[in-house]
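> Provided below for reference: sequence and predicted model.
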Amino acid sequence: MNASPYRLDPAGGCPHAANARLLAQGAVTPVELPGGVEGMAVLGHEALRDFLSHPEVAKSAQHFTALTEGRISDGWPLRTFATVQGMTTSDDADHRRLRSLVSKAFTARRVEALRPRVASVTAGLLDRLAEAADAGDGVADLRRHFALPLPLGVICELLGVDEEYQDRLHHLSNQVVATDIGPEQAMAANRELLEVLTAIADDRARHPGDDLTSALIAARDEGGDRLSQPELIGTLVLLIIAGHETTLNLLTNAVRALCAHRDQLAHVTEGGADWSDVVEETLRWDSPVSYFPFRYPTRDLTVDGTVIPKGTPVLAAYSAAGRDTKAHGPDAAHFDVTRVPAAKHLSLGHGPHYCLGAPLARMEATIALEALFTRFPTLDLAADDEDLPRHAGFVGNSVRALPVRLG
């Protein structure tokens, strides 16, 4: 166990070197969050798996001691993660109630029915990517022109969100998940995101359609305790952010990994592995989410020999767990699409809060990667990976731009 807290850099950066140092000292470490807030992070694969499903670990902010004692400011950059009203901050019956309202949109059957639409959107975006490269002397930002609009367009279509809102929603989502912005900027972004989503919900209430937002509004308006207005907006916040930010990072990181490991790319294109194997290995090796907030022990809890005090905000260190040599072997730091078992990772969560959109994210990424490298088999980075600007914060794990040459 580390003697002094590890200070998480609000500006982000590549997490893997620090993760390796911390893991060498133990599966659990104290961390210093922005504003000097004390927390803990669970880094080891086995410890994190057990912690995520522990019956005495909660998600509701009523268990966050520093928050309930008034020691967390309104402008704290991670406050939304703790206080947004939805299934990611609820427990037990409330969690089951909220999850059941959304789960019908993400069943295997409903997701599979989206496959032709995802393939069609992907093909159109590949055309736009080629046009962007033609206009940019052969170089285009794959993140901006391909990895972003695919999952953002799909989740917005599921929610019935008009295209005119999409760029603004992405910008505000970025602000909400950033950890390097000031209190005033954080509060303004949260206010505007709630205002935009309230306007979208009001429009859907006036003009209901065959979309998830309309279904949630119907549940709210049925009365009883199925869904409150704050829970409706909180659920939309969750679905917009989680529905595109993670898949955006997954696609970006997968392309970076394949460009840096051409032998692995060749192995896939020659039929030695599936594109789904690429997705699973990317989720393990370079998780789209690095440190996800928050869970709180409801009593003092000993995890892998370390006591986590009751009410401590705990981060799930997915990027660290993915390279834990105790779980993934001595070559855990190597990208290998033939790794068995390919899906032995925690990057989409574990236990009752396992990612509801996991089947959709996997399908989007698999279709997108196969189509991308089928059309542009010699695609490569147009800059050294270490020179790419990193994601602004320690929650998301990726780069902010991905310039590529299509070949």
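Cool, the structure landed.
> low pLDDT regions in the stretch 1-150 of the chain?
The model of the stretch 1-150 of the chain has pLDDT under 70 over residues 1-3.
> quick one: the helices in it?
For the stretch 1-150 of the chain, the helices defined by DSSP state H, counting those that start in this stretch occupy 16-25, 45-52, 65-68, 79-83, 92-103, 108-113, 115-135, 142, 149-159.
> R375 is nearest to which of those helices?
helix 115-135 (5.4 Å; CB to CB). Backbone N, C-alpha and C define where each C-beta goes, glycine included.
> other residues contacting the closest one?
Residues external to helix 115-135 that are found in contact with it (CB atoms under 8 Å, 6 or more residues apart in numbering): 139-142, 145-146, 149-150, 153-154, 157, 363-364, 367-368, 371-372, 375-376, 404-406.
> equivalent analysis for stretch 242-253, please.
With CB under 8 Å, 6+ apart, stretch 242-253 has contacts from 88, 142-143, 146-148, 150-152, 154-155, 158-159, 170, 173-174, 177, 279, 282-283, 286, 288-289, 355, 357, 360-361, 364-365, 368-369, 391, 396-399, 402.
> now do the nearest residue to M87 once chain neighbours are set aside against L227, distance only.
Leaving aside its chain neighbours, M87 sits nearest to L98 (4.0 Å; criterion: CB to CB, 6 or more residues apart in numbering). In this view, L98 and L227 are 7 Å apart by CB to CB, to the nearest Å.
> what sits in contact with each of these two?
T235.
> more neighbours: which of these two?
Neighbours per residue, other CB atoms under 10 Å: of L98 and L227, the larger number sits with L98, 25 against 21.
> distance of the more buried one from T247?
Distance of L98 to T247, given as CB to CB: 22 Å.
> H334 too?
Taken as CB to CB, the span from H334 to T247 is 24 Å.
> of the two, who's got more company?
Neighbours per residue (other CB under 10 Å) separate H334 from T247, with T247 holding more: 26 against 14.
> so that one versus I241, what's the distance?
Applying CB to CB to T247 and I241 gives a distance of 11 Å.
> do the same with A333
In terms of CB to CB, A333 sits 29 Å off from I241.
> who's more crowded, those two?
I241 (24 against 12).
> tell me the SS of that one?
At I241 the chain is in helix, as set by DSSP: H, G, I helix; E, B strand; the rest coil.
> Q175 is in contact with that one, correct?
No. I241 is beyond contact range of Q175, at 10.5 Å (criterion: CB atoms under 8 Å).
> and G271, what element?
G271 is part of no helix or strand when elements are defined by DSSP states H and E.
> with L315 instead?
Here L315 is assigned to strand 314-317, by DSSP H and E.
> neighbouring strands for that strand, and are they parallel or not?
strand 37-42 (parallel), strand 291-297 (antiparallel) (DSSP bridges).
> can you put the ones you listed in JSON lines and add distance to Y6 and mean neighbour count?
Below are the strands paired with strand 314-317 laid out as JSON lines (distance: least, CB to CB, whole Å; neighbours: other CB atoms under 10 Å):
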{"stretch": "strand 37-42", "distance to Y6": "7", "mean neighbour count": "23"}
{"stretch": "strand 291-297", "distance to Y6": "10", "mean neighbour count": "24"}
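> for S53, find the nearest of the ones you listed.
The closest of the strands paired with strand 314-317 to S53 is strand 291-297. By CB to CB, the value is 10.7 Å.
> any idea which helix or strand comes after that closest one?
Downstream of strand 291-297, the first helix or strand assigned by DSSP H and E is strand 301-303.
> show me what that following strand is packed up against.
Packing partners of strand 301-303 (3 or more CB pairs under 8 Å, 6 or more residues apart in numbering; DSSP states H and E): helix 45-52, strand 306-308.
> looking at these, which is nearest to A260?
helix 45-52 (23.5 Å).
> chain center to the closest one: distance?
18 Å (CA atoms, centre = their mean, to the nearest Å).
> residues in contact with it: which ones?
Residues outside helix 45-52 that contact it (CB under 8 Å, 6+ apart) are 27-28, 42, 57, 295, 303-304, 314, 316-318, 321-322, 324, 326-328, 345-346, 349-351, 353.
> three-state assignment of the one residue sitting closest to the centre of the chain?
The residue lying closest to the centre of the chain (CA atoms, centre = their mean) is T246, at 3.3 Å. What three-state DSSP gives for T246 is helix.
> per-residue confidence at it, what does it come out as?
Per-residue pLDDT puts T246 at 94.
> keeping just the C-alphas, turn stretch 388-398 into PDB.
Extracted in PDB, the C-alpha atoms of stretch 388-398 (Å, rounded to 0.1, in the frame of the first residue of the first chain):
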ATOM      1  CA  LEU A 388      -0.900  13.300 -29.900                       C
ATOM      2  CA  PRO A 389      -2.700  15.600 -27.500                       C
ATOM      3  CA  ARG A 390      -4.200  13.700 -24.600                       C
ATOM      4  CA  HIS A 391      -7.700  13.700 -23.300                       C
ATOM      5  CA  ALA A 392      -8.400  16.500 -20.900                       C
ATOM      6  CA  GLY A 393      -8.800  14.700 -17.700                       C
ATOM      7  CA  PHE A 394      -8.100  11.400 -15.900                       C
ATOM      8  CA  VAL A 395     -11.600   9.900 -16.400                       C
ATOM      9  CA  GLY A 396     -11.500   9.400 -20.100                       C
ATOM     10  CA  ASN A 397      -8.400   7.700 -21.600                       C
ATOM     11  CA  SER A 398      -7.600   8.600 -25.200                       C
END
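> thank you, goodbye.
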